[in-house]
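Visitor: What shape does this take:
(2 chains)
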There are 2 protein chains.
Amino acid sequence: MTQKTSRRTFLKKGLAAGAAATVASSARAATPDPLITEVQPWASGLGDGVDATPYGLPIEFEDDVIRRNVEWLTADTISSINFTPIHALDGTITPQGCAFERHHSGAIELSKQDYRLMINGLVDRPLVFSYADLERFPRENHVYFCECAANTGMEWAGAQLNGAQFTHGMIHNMEYTGVPLRTILAEAGLEAAGDLADKWVYVEGADASSNGRSIPMEKALDDVLVAFKANGEALRKEHGYPVRLVVPGWEGNMWVKWLRRVEVMDGPVESREETSKYTDTLEDGTSRKWTWAMDAKSVVTSPSPQAPITHGKGPLVITGLAWSGRGAITRVDVSKDGGKSWETARLAKPGEKMALTRFYLDIDWDGEEMFLQSRAIDETGYVQPTKAQLREVRGLNSIYHNNCIQTWWVRPNGEAENVEVS
Amino acid sequence: MTQKTSRRTFLKKGLAAGAAATVASSARAATPDPLITEVQPWASGLGDGVDATPYGLPIEFEDDVIRRNVEWLTADTISSINFTPIHALDGTITPQGCAFERHHSGAIELSKQDYRLMINGLVDRPLVFSYADLERFPRENHVYFCECAANTGMEWAGAQLNGAQFTHGMIHNMEYTGVPLRTILAEAGLEAAGDLADKWVYVEGADASSNGRSIPMEKALDDVLVAFKANGEALRKEHGYPVRLVVPGWEGNMWVKWLRRVEVMDGPVESREETSKYTDTLEDGTSRKWTWAMDAKSVVTSPSPQAPITHGKGPLVITGLAWSGRGAITRVDVSKDGGKSWETARLAKPGEKMALTRFYLDIDWDGEEMFLQSRAIDETGYVQPTKAQLREVRGLNSIYHNNCIQTWWVRPNGEAENVEVS
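Guide: Numbers count the residues shown, from 1 in each chain, chains lettered A, B, ... in the order given. Purely as a prediction, here's the structure:
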């Protein structure tokens, strides 16, 4: 047997030698704690039976860990967005129940019986599939992040929203199960399309907005999934039940929900969602289009404005998320002084392609203010830019694709605030 | 650009050449389908806004995908079990809301404020931690399965329960976030314990049953986690909120919920839960104890009694789950003829240690009856045994640790039944 306790010495000073280990437990030792010395009701009575919650929800104490929208951001809640409470989550999987939503004409209710998927255009055999048909194709499982192109978009104009949920919460990360789109296109046949190098697919949803997007054939035949499960179970209504498109690493708007049609075309449609929307207006007023991939990005989720430090100085876990639409995250650095100096964070697991990576930096906090930042590096060598670097290239007219380094000013009292550092 | 459509030829006969691809879509082509030809209400009206479900539940159409208990198995629902609907899930992650429960005195409600964890016994410094204290230690993230030792236990007496949910649903698989128990034990100090090779920890929960179990120190210092998140969010009430123990690969009863105390001892306690319960009574009436690791096991989840084939012959996805408490799954074989011949299934991803692995076998079903089986092989080389092999070694007096090969008799009409094959 190997003794492994020595492999990590966590506590650096004051805690390893004394009679109590942390400030908090030391304090409790001084006064008798009825939670320890007296039998509590939960230890002497019975709890709920197994028939209490056939499908369970979070315990009432966690009822602030929910999706939230920001009323002034959009004219109504039907064509709007809400945000994942990333400040309160850990690990990498996002439960469907608190994964952000973005709708263009609201979350529709569409049964499996009423579901149809049409494949048409430049195919050998136009086809219509039922949901049951889709279940007959070979499936794949992949964990991918889905990030709205507008995530962090308010930061173009400065530090406006106070909380990681609101600045970076248009993201979720789930294990998707589905059929590769290439399998379904092969079923319809692509001989009629001729040279595939200049072909596109146009994908649209069954909701009133239809949210149509053009995707180059190379991507369509690569890793795009026609997905019907997320985190093992059926997609939730608000995530596109019964079928949505999964377009790994690319902006969330292309992940068409309630997918109803895939048309093979000889060019892009230039739909509303890829011209007046989801393009990047530059300094000179011209707009860049086809900026599909979400560049490497990261954010410290705790401490953060909604997750202040409440325990004072001493051992502190700094944690956050990193991701890249161009591959795996290879390194995350954390700065406590607004980018002057950097420490390499610990990745909970080696980065996986187009999936969230959890990072940690375990420090002994001196109780002084910090300007906390994180910066992600992906397998292409790309380094997440500062806000100044991003503005230099892109100007201030953009809404989408803001992957700047985020700063939280943590004050000595542990509270944190969204700030800009020059 | 590389054309990738040719890399998999899915359809073997009759489907690749015709005007329609599957039986179902062919049938639809013959009669105009109003779901295609007419504008449907969900495509012309508005859906729900983003304020509709701050925390979402599954759509109403999925309300049969729930945990279920079997009334006659236990005297009451408080000290009972319910089962994960594995027949209806795909991928590997189990959402907390439908992950099986097992309680000995019911699911208790314990707030973070009221939570305390005591570390005592042969330690240098007995300690009491609050929930906030635990959050200050370095954390790890791991996906692990949790299987009740009694899972598949009814199969000792023959094919009794009709459905993968009931025969194999005492299992779930989640991404846990927590602090290694070794870190917390190091904080309390193990110098006083002397030679750790013969030491144990006794762990107990805050519920009335306390559900105390003894764990050898080697395991305690290896991979055991004091966990507070599952799939990113707080543990659900029924899974031990706010803190449970995670004992990778070992029987679920040791994964103590509402963890309140860890005592370092010079031997095992021989508590009720490790003597009269959770031991394996052999043919001669003696009982084997300390059978902690869950041996390699697998089950076909679809088709299965609760997930019959509804589409007739032709392309069929056979899928299921495999796992081992002794490491990673390296291979899964599937038999359609009750074990006479075997085909190697496709693993959705390379197996991970002590985590569920999803397997698929994509076949062209001839519409004839099948005796479907799966058998798992893990990294130790261990092969999942037949029911006969298991009975030969263990007799018929056991309740726990039944990892036999399961058989579903699939009839030509697509319905499936739990049967035994000799």
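
Visitor: How confident is the prediction for the nearest residue to A:Tyr382 once chain neighbours are set aside, by pLDDT?
Guide: Closest residue in space to A:Tyr382, ignoring its immediate chain neighbours: A:Ala296 at 5.1 Å, by CB to CB, 6 or more residues apart in numbering or on different chains. For every residue, glycine as well, the C-beta is placed using N, CA and C. A:Ala296 is assigned 98 on the pLDDT scale.

Visitor: Would you mind measuring from A:Ala296 to A:Lys112?
Guide: Distance of A:Ala296 to A:Lys112, given as CB to CB, to the nearest Å: 37 Å.

Visitor: hmm, back to that, run a quick neighbour tally on the residue nearest to A:Tyr382.
Guide: 27 (other CB atoms under 10 Å in any protein chain shown).

Visitor: Look up the closest residue to the residue nearest the centre of chain A, ignoring the ones flanking it.
Guide: The residue lying closest to the centre of chain A (CA atoms, centre = their mean) is A:Ile171, at 2.6 Å. The shortest distance from A:Ile171 to any residue other than its chain neighbours is 4.4 Å, reached at A:Glu147 (CB to CB, 6+ apart).

Visitor: Could you tell me how many residues sit around that neighbour?
Guide: Other residues close to A:Glu147 by other CB under 10 Å number 26.

Visitor: Mind jotting down where the helices sit in the stretch 201-350 of chain A?
Guide: A:217-220 (DSSP state H, counting those that start in this stretch).

Visitor: which residues of it fall in strands?
Guide: Secondary structure of the stretch 201-350 of chain A (DSSP state E, counting those that start in this stretch): strands at A:213-216, A:225-230, A:233-234, A:244-246, A:259-265, A:280-281, A:287-288, A:297-302, A:314-323, A:329-335, A:343-344, A:346-347.

Visitor: Flag every residue of the stretch 301-422 of chain A that's near chain B.
Guide: Contact residues, the stretch 301-422 of chain A versus chain B (CB under 8 Å from any CB of the partner chain): A:310-311, A:314-317, A:319, A:346, A:348-349, A:358, A:360, A:362.

Visitor: Which of these has the largest number of neighbours?
Guide: Neighbour max across those (other CB under 10 Å) = A:Arg358, 29 neighbours.

Visitor: right, and the strands of the stretch 201-350 of chain A - which one's nearest B:Ala157?
Guide: Set against B:Ala157 and scored by CB to CB, these come closest in strand A:233-234, at 31.5 Å.

Visitor: Can you name the residues in contact with that closest one?
Guide: Outside of strand A:233-234, the residues within contact range by CB atoms under 8 Å, 6 or more residues apart in numbering or on different chains are A:Gln96, A:Phe228, A:Tyr241, A:Pro242, B:Pro58, B:Ile59, B:Glu62, B:Val65, B:Ala88, B:Leu89, B:Pro95, B:Cys98.

Visitor: what's near enough to touch A:Thr275?
Guide: A:Lys289.

Visitor: Tell me how far it lies from chain B.
Guide: According to CB to the nearest CB, to the nearest Å, A:Thr275 stands 22 Å off from chain B.

Visitor: Can I get stretch A:277-292 in PDB, CA atoms only?
Guide: Only the C-alpha atoms of stretch A:277-292 are listed here, as PDB (Å, rounded to 0.1, in the frame of the first residue of the first chain):
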ATOM      1  CA  LYS A 277     -27.600  39.700 -38.000                       C
ATOM      2  CA  TYR A 278     -24.700  37.600 -36.900                       C
ATOM      3  CA  THR A 279     -22.100  39.600 -38.900                       C
ATOM      4  CA  ASP A 280     -19.400  41.700 -37.400                       C
ATOM      5  CA  THR A 281     -19.500  45.400 -38.200                       C
ATOM      6  CA  LEU A 282     -16.000  46.800 -38.300                       C
ATOM      7  CA  GLU A 283     -14.600  50.300 -37.500                       C
ATOM      8  CA  ASP A 284     -15.100  51.500 -41.100                       C
ATOM      9  CA  GLY A 285     -18.800  50.400 -41.100                       C
ATOM     10  CA  THR A 286     -18.300  47.400 -43.400                       C
ATOM     11  CA  SER A 287     -19.400  44.000 -42.000                       C
ATOM     12  CA  ARG A 288     -17.500  40.800 -41.900                       C
ATOM     13  CA  LYS A 289     -19.600  37.700 -42.500                       C
ATOM     14  CA  TRP A 290     -19.000  34.000 -42.100                       C
ATOM     15  CA  THR A 291     -17.300  34.300 -38.700                       C
ATOM     16  CA  TRP A 292     -18.700  31.000 -37.600                       C
END
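
Visitor: and that stretch, anywhere near chain B?
Guide: No - Stretch A:277-292 lies out of reach of chain B by CB under 8 Å from any CB, never closer than 15.5 Å.

Visitor: Show me which residues of that stretch are buried.
Guide: For stretch A:277-292, the neighbour count (16 or more other CB atoms under 10 Å in any protein chain shown) marks A:Tyr278, A:Thr279, A:Asp280, A:Thr281, A:Thr291, A:Trp292 as buried.

Visitor: List the strands paired with whichever strand or helix holds A:Leu361, with their directions.
Guide: Element membership for A:Leu361, per DSSP states H and E: strand A:357-365. Note on strand A:357-365: by DSSP bridges, its sheet partners are strand A:314-323 (antiparallel), strand A:346-347 (antiparallel).

Visitor: any idea how far the next helix or strand after it is from the chain center?
Guide: Per DSSP H and E, the first helix or strand lying C-terminal to strand A:357-365 is strand A:370-378. Distance, stretch centre to chain centre, for strand A:370-378: 17 Å (CA atoms, centre = their mean, to the nearest Å).
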